[in-house]
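Participant: kindly generate the corresponding structure for this input.
(chains A and B)
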Amino acid sequence: DQQVKQNSPSLSVQEGRISILNCDYTNSMFDYFLWYKKYPAEGPTFLISISSIKDKNEDGRFTVFLNKSAKHLSLHIVPSQPGDSAVYFCAASARNNNDMRFGAGTRLTVKP
Amino acid sequence: GAVVSQHPSRVICKSGTSVKIECRSLDFQATTMFWYRQFPKKSLMLMATSNEGSKATYEQGVEKDKFLINHASLTLSTLTVTSAHPEDSSFYICSARDQGAIYNSPLHFGNGTRLTVT
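Facilitator: Below is the predicted model of the structure:
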């Protein structure tokens, strides 16, 4: 049961442009959402998060938007840089549960 | 920052043998550690939640007797793949949360173990 879905397996963007990565979830109990970044042969590293009481959280070039009614969140990276090329995982957690559920990931390639 | 060390990073074993993967939190104590498995082009699938001093909680469909988890201390959890088969070949990743952290705190991940069963 895929509770967190990232329907785009890959995304290619030109350097300097905006990258938009999308994530959908099905479990209405999720109340905290995180984005992780993963390089090859490494474990994921935390990037940015958002609580369900907010609809936007910004950290430098990274902004996460949450649309609770649509059960959808997105990660915006602007301007995109070649070093941003990685796999991005969307994750969600619920207050009544200790674990964290991940999407399938989106491979972002930023071309110079 | 919090560091999780996972060892080995890569292992090749023969079918029928057992392989142990270690996950250590180096600069924090983790009451709970999580074991994930990643298939090609698939999400990180939670296999089990490892609880220090008690039995692990396995996700539906994960064989307890095949994937043995031991969390003997606040800094070490091990996953043993018993009687490995080629279909067990995968990328296994552990993660941990500081024991003082709340449910929505980011997890700290190890670098993963690439298991190949021949």
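Participant: check which helix or strand the nearest residue to B:Met45 once chain neighbours are set aside maps to.
Facilitator: Residue nearest to B:Met45 in three dimensions, not counting chain neighbours: B:Arg37, with 5.1 Å by CB to CB, 6 or more residues apart in numbering or on different chains. Where you see a C-beta, it was placed from the backbone N, CA and C, and this is true even at glycine. B:Arg37 is part of strand B:32-38 when elements are defined by DSSP states H and E.
Participant: report the beta-bridge partners for the closest residue to A:Phe62 other than its chain neighbours.
Facilitator: Spatial nearest neighbour of A:Phe62, excluding adjacent residues (CB to CB, 6+ apart): A:Ile48 at 5.0 Å. Here A:Ile48 sits in beta bridges with A:Trp35, as judged by DSSP bridges.
Participant: ok, A:Ala91 next?
Facilitator: The partner residues for A:Ala91, given DSSP bridges, come to A:Leu34, A:Phe102.
Participant: hang on, it packs against A:Lys38?
Facilitator: No: judged on CB atoms under 8 Å, A:Ala91 makes no contact with A:Lys38 at a distance of 11.4 Å.
Participant: neighbour count winner among these two?
Facilitator: Counted by other CB atoms under 10 Å in any protein chain shown, A:Ala91 and A:Lys38 do not tie: A:Ala91 has more neighbours, with 25 against 21.
Participant: show me what contacts the one residue sitting closest to the centre of chain B?
Facilitator: The centre of chain B sits closest to B:Trp35, judged by CA atoms, centre = their mean, with a distance of 3.4 Å. B:Trp35 makes contact with B:Cys23, B:Leu46, B:Met47, B:Ala48, B:Ser50, B:Phe67, B:Ile69, B:Ser77, B:Leu79, B:Tyr92, B:Ile93, B:Cys94 under the criterion CB atoms under 8 Å, 6 or more residues apart in numbering or on different chains.
Participant: gap between the first one and B:Pro106?
Facilitator: This means B:Cys23. 16 Å (CB to CB, to the nearest Å).
Participant: more crowded one of the two?
Facilitator: Applying other CB under 10 Å to B:Cys23 and B:Pro106 shows that B:Cys23 carries more neighbours, namely 28 against 23.
Participant: hang on, isn't that one packed against B:Gly110?
Facilitator: Yes: at 5.5 Å, B:Cys23 and B:Gly110 qualify as touching, with contact defined as CB under 8 Å.
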